[in-house]
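Undergrad: Provided below for reference: sequence and predicted model.
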Amino acid sequence: MSKGVGVDLEDVCIRFGDFVAVREANVSIKGGEFFSFLGPSGCGKTTILRAVSGFLEPSEGRVMIGGKDMAGFGPNKRPTALIFQNLALFPLMKVWENITFSLEVQGVGKAARRKRADELLEMIALTGQGDKLPSELSGGQKQRVAIARALCAEPDVLLLDEPLSALDLKLRQHMRTELREIQKRVGITFIYITHDQGEALTMSDNVAVMRAGIVDQISDGHSIYNDPATPFVASFVGENNVFRGKVKSINGDHAVIDTNRSGDLVARIATSAKGSLNIGDPAMMFLRPEACKIATDTSAAQNRLTAKVLHEEFEGQIYNVFLEGAQGKEIKMSLVNVGQERQSKHSNELTLEYNPDQAVILPAGELASE
Amino acid sequence: MKSENFLLKFFLVAYLVVFFGYLLGPLLVMSVTAFNSPSFPKLTPWECLTFEWFDVLAQDERIITGLKNSLIVGFGTVILSVVMGLAGALMLTQIWPKMRATYYTIVIAPILIPGVVLGISTLVFWDRVSVMLGFGSGSFFQNGIFLTILGQSTFIASYCMLVFVARLQRFDTGLTEAALDLGASNAQAFRKILLPFMKPAIASAAVLAFLASFENYNTTTFTFGKFPTLTIELAQKVRYGIDPSISALAFIIICLTVIGALAHEVYRRRQQLALNNGAPLSAVTGSFQLPKFLRGNPAAIVLVLISLGGFTTIWFSQVYSPKECILDVREQKRILQDLRIQDIKRKRLEQQKATQGTQSTAPANSSTLPQSPNKGAFGGVFAPDNLNKETGKKAVPQSPGKGAFGGVFAPGNLDKTGPQDKKSD
Amino acid sequence: MNIANFFRNYFEKNGIGLGTFLLVAVVFWVVVLIILPQLSMLDFSFRHHLPPPEMGGPKDVYTLEHYEYLILGAPGADTSYNVVDLGVFGRTLMAAVFVTLLNLVICYPIAYYLAQTKGGGGYTRILVLLLIIPYWINEILRAFAFRIIFGDSGLINETLLVFGLIDNPVDFIRANVALYAGLGYAYILLMIFPIYNVIESLDRNQIEAARDMGASWTRIHWRVVIPYAKPGISSGCTMVFMLTAGALAAPQILGGPSSLWFTQIIYQWFNQGGNWPRGAAFAIVLLVTCVIIVLSMMRIFKVRMGDIGK
């Protein structure tokens, strides 16, 4: 199979009438990469995918595949294959006909197609199921047929539009691994659209987080989670306790913000905000629930908070403690279940502490709505 | 409460019986008259079971030609209507939204426009086109087949479009996109994805179009020119005198319709059965077995019975000859008539004695006519002129029980053999 | 979005070949088969009746003569209005209304019954099949069947005679009984199905609820079912009315010798009178009147065009 080629979006804007679906997207995807667009529904990620696959032309800017401007090339002329959200398997064609449809339209003979279908069926572990109709397959099997059908076209870029959303949880997790393995095996570029951060983080080499038509951050999953570029990313990916305030002091990589309710808090300045954050600016501090610990030292400090236990939820490997800080500030804390005594239960009032390197400060901005 | 329910039920059943009696009764009566020997289609009195009218039908040149024309027109109309209807339905899904309501009104209007108006406008328009292009009369644009196909397609395409629109609403446009994405051209996506999906709808639209074309009268009656379709021929026959060969034709058409409807029902049920069982359709159709197919499928059973009955009837018609019965009836009538002839002769003699002026039997004939049960509506057949040409067999049935005709039959007529004698050989 | 943009998108979506084909088919249908012939007929109806050589000549000018004829009658006639043709026109419309109402009364219960017993399985299905079958029998043959039944020596007369209920055959044809029965019969299906389709989608619980609250059957229908079925009822009535007013076969075959249907007059102008422009003018009058009646009914009952033909 062909080695994956890169995809570049240069200043892509897509408008529908007055509505701007995507604005000035600049994304560079390397060949052979597993790249995800992550965002809530309606953020424009599917629109970008359709622009890459050729179902719509950007209003401005260019879509480049393998360094070639794709303007004027329809979906059937682009080296891309798309796996649809609802899979769009042809209901009236047998599985093997579905898989080799791209060869059929090229006029490849039946015997050759059948042979290729058998190879692909073997790859997706559906050997011998080629003569069934799609309606006779289970959800996971359909999923794999859709992948095989897309791969049969030998695309340079495979586009996946939330293909796992219809599956149940177990299968979804299984398919994540499987997709990643297939991608490594065939070595082509995968562009994956999802609103599920778990999918994006587990599978991708790089993730672009989108908000209302804007690409907020592009980087690997680790940075997205630990070093978000905007309050939106921080609040959309994973859970975060948000503290609003004003920048009180800056000390190298760290800053202190003055929150009204919780006093002064210290944290690391996010990479994207370095140099641009000034004293007095409105800012937000993001503290992950799992970064919170119960302090043994209860003296006041800039990385400590006092709070009252409201209730807790036990999830097995962790338990979540919901607390109420000063003036009703809600705080969530997650503790790994290592068999320790559930001290939160006894002490109604407790002190939290965190490592300032594990919390980030960003200029105030829009949060992801729940 | 209970008695009220009972009453309700009683009225319901009565209503259903009356309703379906009204709906099916006429067809039944008409079918049965095809097998009665009198030359006017009637149920009572029942004289002789005969298949003669089917022979008469088969030898009717005009009916045969009409059928041919109908088939040609039907074929053309099906193609044109299905193509236009499909294009019209596809256009409806894509048309500029502001235009959609207007467009829909225009393409649906032909269903509501009286067929007469469609026929006239088609005729006038193409006549104009022909004149404008400088063709003489009898040009292609005035050809009956051409005009009829266009006139019928104008509204039949609307019917087809409705069928297609209903089907298209269930189409996932993602499938076309998927095909394009996999490298298919627009034409390939259309041919390999949309068209197969539309296939059932195309089939039903085609059947619908053919039936609508076949039975159309209002439009065709203005456009047929030199190519009368079967329906036109039927209308002519019915308007200017009827005989049971029309009933025979009706019987054939009814049988075909019933068989077609049942076959469709069987097919539908089998699909449903497959669906209900959760078994793949391919498996059901693949291992097709008669008993399985009949199980829980009354339509199939009825269909099998009907075809069996049909074969039996055909076989019976080959073997059975109504000759004897007809001769019997004729013999009885002859005796009756002889008596009457005697009677009339006697009266005439008396009359001649009384009034010297009356010379011929013709006035006597016409004076008997008003008493006949066939006044007015069926005039042409019973003109005295006709009666003289008719064979005895054809004229006999008009008289039973009324006996006003006696004088018109020259006794010699009765010796001639009726047409059925030749045919049953 | 302007028209140019629409066409660009359209061809992008369908491709040049297929797009052109669809466009040509639709334009042919809409323009050449639907619009132009109607306009041409309209134009034609305003012209003098001329022999072919004079067509397009100096005498070929617009005139209202045919419309005047319909209203005023032939010049120099005794009466100041064309009593005969106008009378036939009025009678046709009245009869069409009558047949439509008759059909509605007959069909509403059966449509309701079929729709409500839909779950009844094969039995209902067979009833539906029985409904459809007569509709696929040739219109002429259906009329013919009624003639067999209503004729002087037809089934009804013979039966009545046998039982001694009458002494002489009743002339059902002359009394137009056969005609109304035949016309009512012809379009029954077009009344039943729209109503059936609508009532089928009515939640049965609504009826149960109304009954639970003590409503009588008539009230349930009047307040719940009929308002809900309104689109179906008006759709059915529209079709039946238009088709009945425009019927030709049944009046020709079943009509009494003294009563004409308006379409028969049009037919005569075309096929026997040979005065095409006059026939066209009469056809226009029929078409316009029917459309006005239907549109005003739709306005009164607040039904949209989109409901027709479902």
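TA: Sure, I can see it.

Undergrad: hey, let's count contacts and neighbours off CA atoms from now on
TA: OK.

Undergrad: which phi and psi does residue C:202 have?
TA: phi -80, psi 130 (degrees, to the nearest 10).

Undergrad: before we move on, what SS does the residue nearest to it when sequence neighbours are not counted have?
TA: Using CA to CA, 6 or more residues apart in numbering or on different chains and skipping residues adjacent in sequence, the residue nearest residue C:202 is residue C:228, 7.4 Å away. With DSSP: H, G, I helix; E, B strand; the rest coil as the basis, residue C:228 sits in helix.

Undergrad: again with residue C:26
TA: helix.

Undergrad: Could you verify my assumption that it touches residue B:87?
TA: Yes: at 6.0 Å, residue C:26 and residue B:87 qualify as touching, with contact defined as CA atoms under 8 Å.

Undergrad: who are the neighbours in contact with whichever residue of chain A sits closest to chain B?
TA: Closest to chain B within chain A is residue A:76: 4.0 Å, counting by CA to the nearest CA. Contact partners of residue A:76, counting by CA atoms under 8 Å, 6 or more residues apart in numbering or on different chains, are B:180, B:181, B:182, B:183, B:184, B:185.

Undergrad: List buried residues within these.
TA: Buried members of those, counted by 16 or more other CA atoms under 10 Å in any protein chain shown: B:180, B:181, B:182, B:183, B:184, B:185.

Undergrad: Look up how far residue C:212 lies from the residue nearest to residue C:202.
TA: 19 Å (CA to CA, to the nearest Å).

Undergrad: Against residue B:22, how distant is the most centrally placed residue in chain C?
TA: Among the residues of chain C, the one closest to the centroid is residue C:243, at 1.3 Å (CA atoms, centre = their mean). Computed as CA to CA, the residue C:243 to residue B:22 distance reads 20 Å.

Undergrad: for residue C:84, same thing?
TA: On the measure of CA to CA, residue C:84 and residue B:22 end up 34 Å apart.

Undergrad: Now the residue in the stretch 101-250 of chain A that chain C sits nearest to. Its backbone dihedrals?
TA: Nearest to chain C in the stretch 101-250 of chain A, going by CA to the nearest CA, is residue A:105, at a distance of 15.6 Å. Residue A:105 has phi and psi values of phi -70, psi -20 when expressed as degrees, to the nearest 10.

Undergrad: Now do the contacts for it.
TA: Counting by CA under 8 Å, 6+ apart, residue A:105 touches B:183, B:184, B:185, B:188.

Undergrad: With respect to chain A, which of these is nearest?
TA: Nearest to chain A among those, counting by CA to the nearest CA, is residue B:183 at 4.0 Å.

Undergrad: Thought residue A:75 was touching the closest one, still the case?
TA: Yes: Residue B:183 lies in contact with residue A:75 (CA under 8 Å); the separation is 7.2 Å.

Undergrad: In which helix or strand does residue A:10 reside?
TA: According to DSSP states H and E, residue A:10 maps onto strand A:7-16.

Undergrad: Next secondary structure after that strand?
TA: In N-to-C order, the element after strand A:7-16 by DSSP H and E is strand A:19-29.

Undergrad: That following strand near chain C anywhere?
TA: No: judged by CA under 8 Å from any CA of the partner chain, strand A:19-29 stays clear of chain C, getting no closer than 13.5 Å.

Undergrad: Can you give me the buried ones in that strand?
TA: Within strand A:19-29, judged by 16+ other CA under 10 Å, the buried ones are A:21, A:22, A:23, A:24, A:25, A:26, A:27, A:29.

Undergrad: quick one: it to strand A:7-16, angle?
TA: Following axes from the mean of the first three to the mean of the last three CA atoms, to 10 degrees, one obtains 180 degrees for the angle between strand A:19-29 and strand A:7-16.

Undergrad: who has more neighbours, residue C:228 and residue C:212?
TA: Neighbours were counted for residue C:228 and for residue C:212 using other CA atoms under 10 Å in any protein chain shown; residue C:228 has more, 17 against 11.

Undergrad: Kindly provide the distance from the residue lying closest to residue A:153 once chain neighbours are set aside to residue B:258.
TA: Spatial nearest neighbour of residue A:153, excluding adjacent residues (CA to CA, 6+ apart): residue A:102 at 5.4 Å. According to CA to CA, residue A:102 stands 45 Å off from residue B:258.

Undergrad: Strands of the stretch 101-250 of chain A, residue ranges please.
TA: Counting by DSSP state E, counting those that start in this stretch, the stretch 101-250 of chain A has strands at residues A:157-161, A:189-194, A:206-211, A:214-219, A:241-251.

Undergrad: Mind listing what's buried along the shortest one?
TA: Buried residues in strand A:157-161, defined by neighbour count with 16+ other CA under 10 Å: A:157, A:158, A:159, A:160, A:161.

Undergrad: Tell me which other helices or strands the one helix or strand residue B:57 maps to touches.
TA: Here residue B:57, judged by DSSP H and E, is contained in helix B:52-58. Secondary-structure packing of helix B:52-58 (3 or more CA pairs under 8 Å, 6 or more residues apart in numbering or on different chains; DSSP states H and E): helix B:244-277, helix B:419-423.
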